[in-house]
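Engineer: everything below, folded, please.
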Amino acid sequence: MKKFTIELTQELVDYAQRLGYEIDTRVYLIDRIFDMHKNDTDTRLFDSVPFKKYQKELSEIKAEYDLAVREIGEKIKDIVYKKIGKDDINFDWEIADFNELQATITVMED
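Structural biologist: The predicted model follows:
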C-alpha cells in the first residue's frame, strides 16, 4: 500500500462542506426532538408537518451531499491518475478535515 496526500481547492470542497454542515444541523434538530419527546405516549408529533419537513429536508440534503462527494471523487481520481501516470490503479481517498484542503490517497498494491 502506498499513501500520499494531494492538495484540493477551496472551491472543490466548499459545497460538500456546506451540505455536511446542513446535514449535521438537521440531524441535531431531529435528535433534540426525539430527546425532548422520548417519554411521550402520544406519537402524533412524528406525523406532524414540521417533523416530516425536517425528515424530508434531511433526506434531500443527504442525497445532494452524496452526489457532491461523488463529484469530488471524480476530480480526485483525475488528479491521482495524473500523479501516478496511469489510470488503471485501485485507490481509496479520504478528506479528514475539509479545512485542511487535503485528501489522503491510499493506493492498493496489486
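Engineer: quick check, pLDDT for the residue of the chain most remote from its centre.
Structural biologist: Distance from the centre of the chain peaks at residue 41, with 35.0 Å (Cα atoms, centre = their mean). On the pLDDT scale, residue 41 is placed at 90.
Engineer: go on, residue 57?
Structural biologist: On the pLDDT scale, residue 57 gets 93.
Engineer: now do the one 3 residues further on
Structural biologist: pLDDT for residue 60: 96.
Engineer: so how far is the helix or strand containing it from its chain's centroid?
Structural biologist: Using DSSP states H and E, residue 60 falls within helix 49-84. Computed by Cα atoms, centre = their mean, to the nearest Å, the chain-centroid distance of helix 49-84 equals 6 Å.
Engineer: could you pull out the buried residues of it?
Structural biologist: Using 16 or more other Cβ atoms under 10 Å as the test for burial, helix 49-84 gives 51, 54, 57, 58, 61, 62, 65, 68, 72, 76, 79, 80. All C-beta atoms are positioned from the backbone trio N, CA, C, and that covers glycine.
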